[in-house]
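Visitor: predicted coordinates and the sequence they were generated for:
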Amino acid sequence: MPPVYRIRSGSGRRSNPLTLRRFRTKMPPMPYAPREFERRWQERWVEQGTFRSEIDPSRPKFYVLDMFPYPSGEGLHVGHPKGYVATDVFARYKRMRGFNVLHPMGWDAFGLPAEQHAVKTGQHPAVTTARNIGRYREQLQALGLSYDWTREVDTTDPGFVRWTQWIFARLFERGLAYEAEVPVNWCPKLGTVLANEEVRDGKSDIGGHPVVRLPMKQWMLRITEYADRLVDDLEQVDWPEHIKKMQRDWVGRSEGASARFALVGHEGGVDVFTTRPDTLFGATYVVLAPEHELVGRITSEEQRNAVETYVEAAGRKSDRARMIESGEKTGVFTGAYATNPVNGEPVPVWVADYVLISYGTGAIMAVPGHDERDYAFAKTFGLPIVEVVTGGDVSVQAFSGEGIAVHSGLLDGLPTDEAKTRIIDWLEEQGVGERTINYKLRDWLFSRQRYWGEPFPILHLEDGTKKLVPDDQLPVELPMIDDYAPSGDFEPPLARAREWVETTDPETGQPARREANTMPQWAGSSWYYLRFIDPHNEDALFSPDAEKYWMNVDLYVGGAEHAVLHLLYARFWHKVLYDLGLVSTVEPFQKLLNPGMIQGKSYRCFSDESDGDTKYYSPGDVRFEGEVPVHVGSGRQLSEEWVEPGDVRWNGGRPLAPSVDVELEEVIEKMSKSRGNVVNPDDVVHEYGADSMRLYEMFMGPLDRAVPWSVDGIPGVHRFLARVYRLYTDEDPDGVDAPRKHAEGDGTDGQRRLLAKTIDKVTRDFESFDLNTAISQLMVFARDIEKDGPMPASIAQPFLLLLSPLAPHLCEELWQRQGHTESLAYETWPEADADLLVDDEVEIAVQVQGKVRAKIRVPADADEEAVLAAAMAVDNVQKHAGDGKPRRVIYVPGRLLNIVV
RNA sequence: GCCGGAGUGGCGGAACUGGUAUACGCGCGCGACUCAAAAUCGCGUGGCCCUAGGUCAUGUGGGUUCGAGUCCCACCUCCGGCACCA
């Protein structure tokens, strides 16, 4: 049976036809033809080494860095360039301000997609990676980005891998890398373990596959040792506050106390961690995590069955299941009692899965009166609730705020802060507790069961010891293998490369086995910014001179999705290198900016195929039960159907499905292959030129805000550039463009003022990354500069310089046609004449009772009296102000006059 | 649930430390040029009232102020992050 109409769901895509259709009808034959010269300039910049940077102590340096991309098979989409263009504009601007700018680009090229492609096709990941890199490089170059391509780095290059392994060796020597049997996030679908940071809601960050917890032997990095510094040093960097906060929350430092509850009838006791030691007198029971080692020892005979059953069930539950159930408290009494150290009261010891083994001591003192979770648990199991802090009503709910201590012996009458200090002192005196700091941050799980990653420079000797491959034998390169698939038995693919794995210790000649796990993708990106400063150094990571001159990164731009992964890892490695004396800055990235996403628009409806005959429904007929779409009428479960933007039928501004009258829902979200909403920048560059593309992305709105991609505004910026082109071009009768010979002289007063204002505005906006408003000022200039006469050369030249960071190809071209032989990339940035920025005459708004009734022009230096007189002379002001004396007059010089009657 | 961020014309957005809301661009309308069209250029363009002018408009409702998009309180919606971390 033929389908009712073509509609697609899920994956499988081709390029978006909608974009091109619209361009073609609007694209004019126009003298401004960027295609004729943009490529020429791109080639010239590379050939002449225009953007090569070398250490030059006579000039201040500026290091502008983009987060380097993973070169995927799809190539760039229009979202990528947003950050790259912004940094490029800034780099070009800084060069013109006399800075020696370092602006490199490279590839974060290890990673799962290339490996999965290899599993499917058998093609070596290095081959696809090289091809993808070539494509990315071309796409970036087509945008005219001013990278120093001689510094390009590739994390998969043996010359780079060597130093990644070298850093690992230093971590190992310092005891910061170790192997441990830990419960890990195993993803069966991906065939590898994942770091905590790579798992969301019990699913893998990449691909959204289920993840299970399993104990496995893995490499760990002791990032927790740096927890305090990772929090404290955030003070020193100029980052968006929300990113700093995410990092602080991720490290999760909390200050409190540990206290020991002695066990009744057993040796030893239970250590608990609490941030509210002031509520110790309200602790009416103790809870152990199911995995806690005491559970087996202290459970009474009567309770043993129940406890074992519970512990086993809890162990089987995935984190996802535990999360969904959070709120409903479950648990079992162990039959044992512990003694509250502050009042000697016996309290029951329970086991419950709301206590996590991985945090603190894996055991808590429960204070149901002042902790919501404990309260819910106590209510469920009928445990006593005692109020020990005033301020709430514990018969209704837990009160977790601060207040005055009551029913608390020596703490009675003390406010929370003082009570905390007092009780900790007391615990320490009695030897039953102490001041303690805890972190949410766990050590970094650093090994992966994959092929396409850096091998560990580790040898396992027969006696079970581990040793490093000597530095002079690095890098340990990946062996060629022919099967990249995960084995399904937790073994990494490298374990099957027997000839590679079985080797000898180069120092003793004894048999040894190579480590078969590989490093995660985060390894290379944790230090690549340091390699850029001296990328070809074969004797060291980088030379001390280069480090001293170039570090740290002055401006780092990249997606907020890396707030806690890459940025935390890189800071950690940097601090280790700092401790080794290799880098001189405490932090790697001084200023951080996060460009907002460019989103795609996609269209969906819902389908019901349960009758065999497919029916389609608009979003209006659908409601959601959790994440499942259900038809409002029949209650039947539906599935989502996505329509390509190019196939949408527009009817009175409403999107309809291609051949059936079903209204579609427009969904704005991250561009992704599966939605068919990816737009390739090549199409835009081809139709309008790189300068238009650059300008448009910067003009769409503030850098840090997410915006849906739309082609509608591109003709506007293109027209602006065409207008600029015409300002510098005479149309020859033969149809050949000739450079325009601009007039001598300074131009009119209005022209000089307009230039000064434009210089001032553009400069300030560049400094604060408000590129959209800088562009609007440049547009105003181009619109108005010839309103009262032809533009003289003295104004034409500085304007080209102002525009050049944004539209470098056009400006270089016009600069050259004006007779210059050198690139304008290093011309001095124009300076505004301060005298011209102040107007002689200003427009003042005249308000009566705060409402604007007239606008008058007065000399800029007019005093209040004069302005008031001028204002009262206006009929409409008279009318509203009446005859009486104004009760009050507010005068804001240069802005407004408000008359209150 | 908690923590951030954001809600301004038909659309993307602008508005310095409380001081003329809607810059700039898109779209739309009108005009010039043209045999004509395209392109280009110029003018207009928040709603309502017939105009001079008035009036209402920055998510909603209050408040502070001579004056609020901007500050305060309460709420709604969207986006992002975290989510039993004791």
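Guide: Now that the structure is in, tell me what you want to look at. Numbering: from 1, shown residues only, chains lettered A, B, ... in the order given.

Visitor: bridging residues for A:Ser602?
Guide: Beta-bridge partners for A:Ser602, by DSSP bridges, are A:Val667.

Visitor: contacting residues around it?
Guide: Contacts of A:Ser602 were listed using C-beta atoms under 8 Å, 6 or more residues apart in numbering, and they are A:Trp642, A:Val643, A:Pro645, A:Glu666, A:Val667, A:Glu669, A:Arg675, A:Gly676, A:Asn677. Heads up, the C-betas are built off the backbone N, CA and C, glycines and all.

Visitor: okay, and the first one sits in which element?
Guide: I take that to be A:Trp642. strand A:639-643 (DSSP states H and E).

Visitor: out of the contacts of A:Ser602, which are buried?
Guide: Listed as buried from those are A:Trp642, A:Val643, A:Pro645, A:Val667, A:Arg675, A:Gly676, A:Asn677; burial here means 16 or more other C-beta atoms under 10 Å.

Visitor: surely the last one and A:Ile598 touch.
Guide: No. Here A:Asn677 lies out of contact with A:Ile598, judged by C-beta atoms under 8 Å, at a distance of 10.6 Å.

Visitor: which neighbours do these two have in common?
Guide: A:Met671.

Visitor: wait, does stretch A:434-450 contact RNA strand B?
Guide: Yes. Stretch A:434-450 reaches RNA strand B (C-beta under 7 Å from any atom of the strand) through A:Asn438, A:Lys440.

Visitor: A:Asp205: neighbour count?
Guide: By other C-beta atoms under 10 Å, 17 other residues sit near A:Asp205.

Visitor: and if you look at the one 5 residues further on?
Guide: Residues near A:Pro210, counting by other C-beta under 10 Å, number 13.

Visitor: what do you get for A:Met597?
Guide: 19.

Visitor: what's it sitting at in phi/psi?
Guide: phi -70, psi 150 (degrees, to the nearest 10).

Visitor: same question for A:Leu102.
Guide: Dihedral angles of A:Leu102 (phi, psi; degrees, to the nearest 10) stand at phi -100, psi 120.

Visitor: OK, contacts around it?
Guide: Contact partners of A:Leu102, counting by C-beta under 8 Å, 6+ apart, are A:Ser53, A:Lys61, A:Phe62, A:Tyr63, A:Val64, A:Asp148, A:Arg151, A:Phe532, A:Ile533, A:Trp550.

Visitor: out of these, which two sit at the greatest distance?
Guide: Farthest apart among these by C-beta to C-beta are A:Phe62 and A:Arg151. That separation is 14.9 Å.

Visitor: ok, the most centrally placed residue in chain A to A:Cys605 distance?
Guide: Nearest to the geometric centre of chain A sits A:Ala560, at 1.5 Å (C-alpha atoms, centre = their mean). From A:Ala560 across to A:Cys605, the span is 31 Å (C-beta to C-beta, to the nearest Å).

Visitor: now swap in A:Ala313 and tell me
Guide: A:Ala313 is 42 Å from A:Cys605, by C-beta to C-beta.

Visitor: hmm, back to that, including distance to A:Glu609 and pLDDT, could the contacts of A:Ser602 go into TSV?
Guide: Below are the contacts of A:Ser602 laid out as TSV (distance: C-beta to C-beta, whole Å; pLDDT from 0 to 100):
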residue	distance to A:Glu609	pLDDT
A:Trp642	16	75
A:Val643	17	75
A:Pro645	24	69
A:Glu666	24	74
A:Val667	21	75
A:Glu669	25	74
A:Arg675	21	70
A:Gly676	21	71
A:Asn677	24	76
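
Visitor: restrict those to contacts with RNA strand B.
Guide: Contacts with RNA strand B within the contacts of A:Ser602, counted by C-beta under 7 Å from any atom of the strand: A:Glu669.

Visitor: looking at the contacts of A:Ser602, spot the one nearest A:Asp443.
Guide: Looking across the contacts of A:Ser602 and measuring by C-beta to C-beta, the closest to A:Asp443 is A:Glu669, at 34.4 Å.

Visitor: assign the closest residue to the closest one other than its chain neighbours to helix, strand or coil.
Guide: Closest residue to A:Glu669 apart from its sequence neighbours, by C-beta to C-beta, 6 or more residues apart in numbering: A:Gln599 at 5.8 Å. Taken by DSSP: H, G, I helix; E, B strand; the rest coil, the conformation at A:Gln599 corresponds to strand.

Visitor: my guess is A:Gln599 contacts A:Arg705. True?
Guide: No. Contact between A:Gln599 and A:Arg705 fails when scored by C-beta under 8 Å: they sit 10.8 Å apart.

Visitor: so which of those two has more stuff around it?
Guide: A:Gln599 (17 against 11).

Visitor: pLDDT score for the more buried one?
Guide: pLDDT for A:Gln599: 82.

Visitor: same question for A:Thr121.
Guide: 88.

Visitor: again with A:Pro183
Guide: Confidence score, pLDDT, at A:Pro183: 74.

Visitor: if I pick it, what's in contact with it?
Guide: A:Pro183 touches A:Arg213, A:Leu214, A:Pro215, A:Met216, A:Ser358, counting by C-beta under 8 Å, 6+ apart.

Visitor: separate out the buried members of these.
Guide: A:Arg213, A:Met216.

Visitor: near RNA strand B too, which of the contacts of A:Pro183?
Guide: Within the contacts of A:Pro183, those near RNA strand B by C-beta under 7 Å from any atom of the strand are A:Ser358.

Visitor: which one of the contacts of A:Pro183 is nearest to RNA strand B?
Guide: A:Ser358 (6.8 Å; C-beta to the nearest atom of the strand).

Visitor: that closest one belongs to a strand?
Guide: No. Applying three-state DSSP, one finds A:Ser358 to be coil, outside a strand.

Visitor: need the nearest residue in space to it, chain neighbours excluded.
Guide: Nearest non-adjacent residue to A:Ser358, counting by C-beta to C-beta, 6+ apart: A:Arg442, 6.7 Å away.

Visitor: list the buried residues of stretch A:784-800.
Guide: A:Ile785, A:Met791, A:Pro792, A:Ser794, A:Ile795, A:Ala796, A:Gln797, A:Pro798, A:Phe799, A:Leu800.

Visitor: avg pLDDT for that stretch?
Guide: Confidence for stretch A:784-800, expressed as mean pLDDT, is 91.

Visitor: contacts for it, please.
Guide: A:727-728, A:742-748, A:750-752, A:754-755, A:758-759, A:778, A:781, A:811, A:814-815, A:818, A:824, A:830.

Visitor: could you do stretch A:438-448 as well?
Guide: Identification of contacts with stretch A:438-448 by C-beta under 8 Å, 6+ apart yields A:177, A:182, A:184-185, A:192-196, A:218-224, A:227, A:230, A:249-254, A:256, A:273, A:358-360, A:456, A:492, A:517-520, A:523, A:569, A:572.

Visitor: same question, stretch A:372-391
Guide: A:278-279, A:281-282, A:284-285, A:287, A:327, A:329, A:331, A:333, A:348, A:350, A:352, A:354, A:364, A:366-370, A:394, A:397-408, A:416.
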